[in-house]
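In: I would like to see how this sequence folds:
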Amino acid sequence: MVSKFLRVSWRTVGAIISRVVVRKLDGLGDRLDGLKHIGIDELSYRRHHEYVTVVVDHEHGVVVWSSRGKSAATLRRFFEDLGEERCAALESVTIDLSRAYIAAVTEAVPHARLIFDRFHVQRLVQDALDETRRAEVRAAETEDGKRALKGTRYALLKSPWNLTDAVHQTLAELEQANQTIFRGHMLKESFAAILGGR
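Out: Numbering: from 1, shown residues only. Presented below is the predicted three-dimensional model:
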């Protein structure tokens, strides 16, 4: 898109990007020095068919390393570039729930505190609540009971600050109709508050 808009070849765009990156990085020294708290995630490109692993310095909010791929081998290369001494200085690593990343981090820096991204953890809680709701729908004895519980999915997933009067009413009725689902909902909200999402 950039090359079409500017009417230059993609190689020219790439060369410009390379020069800007070098200029912006000049004078920053070795970005891998002094790392204590890092975050690791993957970014997709080419319509989600290709991935890049990105490592961020949490203290300074800057990208310090990136490489193609999202495997444990990709992340191991980062720790190899970091070296033993700088790996020993890491205090915490924030990642998503990727098994590959978990394996690479626990292997390279077992002493560092492993922190899971709260959005991924919150998603697990929401999925568990939805599975509980579906199980309760299946267990309902009447069609009216099933229908009433099926209509609660949207209300259960809403954030408390976005609740309309109708959703408040649905949750109030749910508290009377099904304590199991309502208790799951309250646990989800408590968990979100603990994670800092409320």
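In: Now for the protein: which helix has the highest residue count?
Out: helix 118-139 (DSSP state H).
In: which parts of that helix are buried?
Out: 121, 125, 129, 130, 132, 133, 136, 137 (16 or more other Cβ atoms under 10 Å). No exception for glycine: its C-beta is placed from N, CA and C like everyone else's.
In: of those, closest to residue 14?
Out: Among the buried residues of helix 118-139, residue 121 lies closest to residue 14 (Cβ to Cβ), at 38.0 Å.
In: From residue 86, how far off is the closest one?
Out: Going from residue 121 to residue 86 by Cβ to Cβ, to the nearest Å gives 28 Å.
In: tell me the domain boundaries of this structure?
Out: When the chain is parsed with automatic domain parsing, its domains come out as 1-29, 31-116, 120-195.
In: Save the ones you listed as CSV, and put in mean pLDDT too.
Out: Formatted as CSV, those follow (pLDDT from 0 to 100):
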stretch, mean pLDDT
domain 1-29, 72
domain 31-116, 92
domain 120-195, 87
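In: on that earlier part again, against which helices or strands is the longest helix of the chain packed?
Out: helix 143-150, helix 153-157, helix 179-195 (3 or more Cβ pairs under 8 Å, 6 or more residues apart in numbering; DSSP states H and E).
In: Looking at these, spot the one closest to residue 74.
Out: helix 179-195 (27.7 Å).
In: Just the CA trace of the closest one, in PDB.
Out: Output of helix 179-195 as PDB, limited to C-alpha atoms (Å, rounded to 0.1, in the frame of the first residue of the first chain):
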ATOM      1  CA  GLN A 179     -27.400 -20.200  41.800                       C
ATOM      2  CA  THR A 180     -24.700 -22.200  40.100                       C
ATOM      3  CA  ILE A 181     -24.500 -19.900  37.100                       C
ATOM      4  CA  PHE A 182     -24.900 -16.800  39.200                       C
ATOM      5  CA  ARG A 183     -22.100 -17.900  41.600                       C
ATOM      6  CA  GLY A 184     -19.900 -18.500  38.500                       C
ATOM      7  CA  HIS A 185     -20.700 -15.000  37.300                       C
ATOM      8  CA  MET A 186     -19.800 -13.500  40.700                       C
ATOM      9  CA  LEU A 187     -16.500 -15.400  40.700                       C
ATOM     10  CA  LYS A 188     -15.700 -14.100  37.200                       C
ATOM     11  CA  GLU A 189     -16.300 -10.500  38.400                       C
ATOM     12  CA  SER A 190     -14.200 -11.000  41.500                       C
ATOM     13  CA  PHE A 191     -11.400 -12.500  39.500                       C
ATOM     14  CA  ALA A 192     -11.500  -9.600  37.100                       C
ATOM     15  CA  ALA A 193     -11.300  -7.100  40.000                       C
ATOM     16  CA  ILE A 194      -8.300  -9.000  41.400                       C
ATOM     17  CA  LEU A 195      -6.600  -8.800  37.900                       C
END
